[in-house]
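Engineer: mind looking at a prediction? Sequence and model below.
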Amino acid sequence: MKQKWFVIGIILLFVGSGFISTSAQNFEKISPTSRGNWLYVGGTGPGNYSRIQDAINESQDGDTVFVFDDSAPYYESLIINKSITLMGENKETTIIDGTGLTAEAMIKVTAITVTITGFCFQNCQSNITYWTVYIRNSLGEQHHITQNIFRNNNNNALYFIAMYSDISNNTFYNNSAALLLDYGGNHTVEHNVFLNNDESIGLYECHWNTIHGNKIANSSIPLLIFMSHYNNFSENILDGNNHGGLDSIASSKNIFYRNIFSNNQYGMTLTASQGNTIMENNFINNSDYQVISISHPLVGVGLSLYYHRQYVRNGSFFSLLGRNKWEANYWSDWNSSSPRPIDRVIYFWSLRLLTRITGTPYPIRLPQYDWHPAQDPYDIRG
């Protein structure tokens, strides 16, 4: 956390201000990856558990805990400290509800690898429960969070401090913060739907992720990237969001390829973010502006030195000095094959630092260009 505030301080100093079956007996086991025993919650089978946590407590690594929907909603907080599969009968009707919950998380995962699928998680409140599903480990194994619904949670709906996770085919709507990836990396986030969240996807010091084929709409902060590098964003659709499409802060070496930024207040903002590649995207009918890049030469130097100090022991060096590369994007406001300028603002603070003169920083506009803008929008299905 201190590192985050250190970098925020650099940015503010130099830049300024500016989201089956009904019984155990006849249920067909559908998980091809399960290698252990199956334990059942709800339903009418003999020996079935009535509480999910009881079944988890009795399980072993490799087991599957299957939860029937006939006893839903379940009002429980769960701790998963074993490498199991937690499977709901139907994501629409197998509900775990956070109403009245007093634990810090509805589900807290500390095991090395866990699969959670087929549930609806709802109604967690931030003043009591900070996370709906909280996953934390540093051992490099893979979690699978797939085919779930997260709705009406006034907190962090799905929060990761982990590595190598698969988050796919989930639906997030009416959450305060839908999906936050904090530290770690190497996650795959694909084919999820985000609707009406305050913040839909947030990456915070999280690297080498694949963000693919997601749909984000009606979010205040659709996609925020903070101090996150070497990520690949492709075939995502950010449409009709309340403010911007994508915000990148102090992030470099990311690739944005064949995404759609449409009908937002603005398409993309890059703040102190350099060395990124933005290629073959559609920027369509964003009301205020399509793209803006805000930077300062000294920001790149300062952050480069900071990252060199932090990561040189691991043989990594994050260079933030390179220019962003814009190539062959489609712009709905540019009906020409000539290069399209990118609005780039550099705040000139050097005079103020040397003379200690106070006042508003003087902006110098130095445009970059998309040298080969596309003449027609790309067919991006998401």
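Structural biologist: The structure has been received and is ready for your questions. Residues are numbered from 1 along each chain as shown.
Engineer: pLDDT below threshold where in the stretch 1-150 of the chain?
Structural biologist: 1-35, 138-140 (pLDDT under 70).
Engineer: how about the CA coordinates for stretch 38-52, as CSV?
Structural biologist: Only the C-alpha atoms of stretch 38-52 are listed here, as CSV (Å, rounded to 0.1, in the frame of the first residue of the first chain):
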residue,chain,number,x,y,z
TRP,A,38,-18.7,-36.0,-3.9
LEU,A,39,-20.5,-34.5,-0.9
TYR,A,40,-24.0,-33.1,-1.3
VAL,A,41,-25.8,-30.2,0.4
GLY,A,42,-29.5,-29.9,0.3
GLY,A,43,-31.6,-32.2,-1.8
THR,A,44,-33.3,-35.4,-0.6
GLY,A,45,-30.5,-37.9,-0.6
PRO,A,46,-29.6,-39.8,2.5
GLY,A,47,-26.6,-38.3,4.3
ASN,A,48,-26.8,-35.0,2.5
TYR,A,49,-25.6,-32.0,4.5
SER,A,50,-27.8,-29.0,5.4
ARG,A,51,-25.0,-26.5,5.6
ILE,A,52,-22.3,-25.8,3.0
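Engineer: gap between it and the chain center?
Structural biologist: Stretch 38-52 sits 34 Å away from the centroid of its parent chain (CA atoms, centre = their mean, to the nearest Å).
Engineer: buried sites along that stretch?
Structural biologist: By neighbour count with 16 or more other CB atoms under 10 Å, stretch 38-52 contains the buried residues 38, 39, 40, 41, 42, 43, 48, 49, 52. For glycine as for every other residue, the C-beta is placed from the backbone atoms N, C-alpha and C.
Engineer: closest to residue 199 out of those residues?
Structural biologist: Distance to residue 199 across these (CB to CB) is lowest for residue 52, with 28.3 Å.
Engineer: wait, doesn't that closest one sit right on residue 68?
Structural biologist: No - using CB atoms under 8 Å as the test, residue 52 is too far from residue 68 to be in contact (10.7 Å).
Engineer: okay, and the common contacts of these two?
Structural biologist: Residues touching both residue 52 and residue 68 (CB atoms under 8 Å, 6 or more residues apart in numbering) are residue 41.
Engineer: pop the domain breakdown of the protein in here.
Structural biologist: 19-197, 199-382 (automatic domain parsing).
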